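# Give me a model of this one.
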Amino acid sequence: APVVAGALEAIRADGARVVLVGDEPTLTKEAAAPELLADGRLAIVHATEVVTMDDPPALAARKKRDSSMRKACDLVADGKAGAALSPGNSGALLATGLLCFGRIDGVLRPAFGTLLPARSSIGCSLLVDAGANTDPEPAHLAQWGVLGATYLEKVFGLERPKVAVISNGKEESKGTELTRAALAILGRTDVALHGYAEGGDLNLGEVHVFITDGFTGNVMLKTAEGVFKFVTSEIKAGYLEGGLLEKLGGALSQTMFARLRAKLDPREGGAAPLLGLARATFKAHGSSDAHSIRRGIAAARRYAEQGVDAHLAAAIARNAAAFAG
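Take a look at the predicted model:
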C-alpha cells in the first residue's frame, strides 16, 4: 500500500510516469486509478514471484526470473523505464542489478549512496557505502569517493564536493590500514580531498561526501535514524505531558519544529542510488511510507534524466591510473 500510494503521489503531484511491477490484480485494486492507466501515466506489469527478505541474494537474482524485482530491472535494461526502485532485499537488488546491467566500466564494486541532512549549501551530505559492502578494499573506498563526488556535482550542481574518509580521529595517524590506504589512493584522484572526518561531522556541511565500509556506514545510518525518532518523540511527549507553559511553548513553536522535522526527516532522502551499476537503481528503506516512496521516485527521475551514469563512467575512466595503483 505505501508503495502504490507513493507512486500515485509522484504521478499526480510531480508529473512522474510510473510502472508498478507485481501482482497485477492486487496492484490494480490498490491503485484504483483507471484514469492514470488510461492516459499512460501509470502502468502495471504482472510478476508471479516475490523476492523475500530471507532469500539469498545471488540465488534470488538467478532463479526468480519472474519476481517483481527482476522484472523491474529488466524493464530498465530493455530501455522501457529510466530507473528501478525497490524497498526490498538490498543484497538481492544489488545482485539483480549486476545480473541485468553489470557495473560501469572500471568500477570494482557498486555501493549505496545515502543522503543525510547537513548545513551545506545543498542541505545534505552523502554517505557511501551505506550497506552494500562489509569487507571492501582500499581501491573500492577510493572509487566511492569519486562516484559520490560526481553524483553530488551532477544532480545537485555542487562544484568540487569535498570528500573525506570516516575515521576515529582527524589526525593522519588515526584510522586503520583500510582507511589509510584508501586516503592515499584518493589523494591521487582529482576529487577535492578533505582528509579524515569523524561521525560528528556528517551534518556540519564542511564535508560533502563521507566514505566508509558498508558495515560502518549502515550502523551510522541506522543510528542517525534512531536518534531522529528519539528526539522527535521526546519533544512531542514533553509538550503533551508538560504543564501549561510547555503546552504554550509547543503551540508557539509549531512552525519552527515543523521545519526542523522536515529538514532532519530521513524520509526526505527517499532512496539511495547504487552508485557504480551501469543503470539507475535505487534502494528505498524497507519501512518506507508513501512520502518516502514519492521522494525516492523523484531522486531516481533526477538521476536518469540528467544521465548521471555517463558522468560516473567518465569520472572512473579519468581516474583509472589512481585506482590501478
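# mind listing the strands for the stretch 101-250 of the chain?
For the stretch 101-250 of the chain, applying DSSP state E, counting those that start in this stretch gives strands covering 111-117, 124-128, 162-166, 192-197, 209-211.
# got the angle for the second one vs strand 111-117?
Angle of strand 124-128 versus strand 111-117, following axes from the mean of the first three to the mean of the last three C-alpha atoms, to 10 degrees, is 150 degrees.
# What part of this structure, helix or strand, is modelled with the least confidence?
Lowest by mean pLDDT, DSSP states H and E among the helices and strands of the chain is helix 254-264, with a mean of 65.
# what comes up buried for the helix or strand following that one?
Once helix 254-264 ends, the next helix or strand along the chain (criterion: DSSP states H and E) is strand 271-275. Taking 16 or more other C-beta atoms under 10 Å as the neighbour-count basis, strand 271-275 is seen to contain the buried residues 271-275. Bear in mind the C-beta positions are built from the backbone N, C-alpha and C, glycine included.
# Specify which member of those residues is nearest to Gly217.
Comparing these against Gly217 with C-beta to C-beta picks out Ala272 as the nearest, at 10.3 Å.
# would you turn the buried residues of strand 271-275 into a markdown table with pLDDT?
Below are the buried residues of strand 271-275 laid out as a markdown table (pLDDT from 0 to 100):
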| residue | pLDDT |
| --- | --- |
| Ala271 | 90 |
| Ala272 | 92 |
| Pro273 | 95 |
| Leu274 | 96 |
| Leu275 | 97 |
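# Any chance of those in TSV with distance to Ala321 as columns?
Output for the buried residues of strand 271-275, formatted as TSV (distance: C-beta to C-beta, whole Å):
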residue	distance to Ala321
Ala271	33
Ala272	29
Pro273	26
Leu274	25
Leu275	21
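# re earlier: between the strands of the stretch 101-250 of the chain, which gets nearest to Val308?
Closest to Val308 of these is strand 111-117 (C-beta to C-beta; 10.7 Å).
# What's the mean pLDDT across that closest one?
Confidence over strand 111-117, taken as the mean pLDDT, stands at 92.
# For Ala313, list the residues it contacts.
With contact set as C-beta atoms under 8 Å, 6 or more residues apart in numbering, Ala313 has these partners: 104-106.
# ok, of the residues you listed, which come out buried?
By neighbour count, with 16+ other C-beta under 10 Å, the contacts of Ala313 hold 104, 106 as buried.
# any idea how far Leu20 lies from Ala313?
From Leu20 across to Ala313, the span is 30 Å (C-beta to C-beta, to the nearest Å).
# er, Val18 actually
As judged by C-beta to C-beta, Val18 and Ala313 stand 27 Å apart.
# Equivalent analysis for Ser292, please.
Ser292 sits 29 Å away from Ala313, taking C-beta to C-beta as the criterion.
# Now the terminal residues of stretch 118-136, how far apart.
Terminal residues of stretch 118-136 are spaced 26 Å apart (C-alpha to C-alpha, to the nearest Å).
# One more: stretch 13-24?
Between the start and the finish of stretch 13-24 there is a gap of 24 Å, counting by C-alpha to C-alpha.
# Look through this protein and tell me its longest helix.
Secondary structure assigned by DSSP state H gives helix 214-241 as the longest helix of the chain.
# Show the average pLDDT along that one.
For helix 214-241, the mean per-residue pLDDT is 82.
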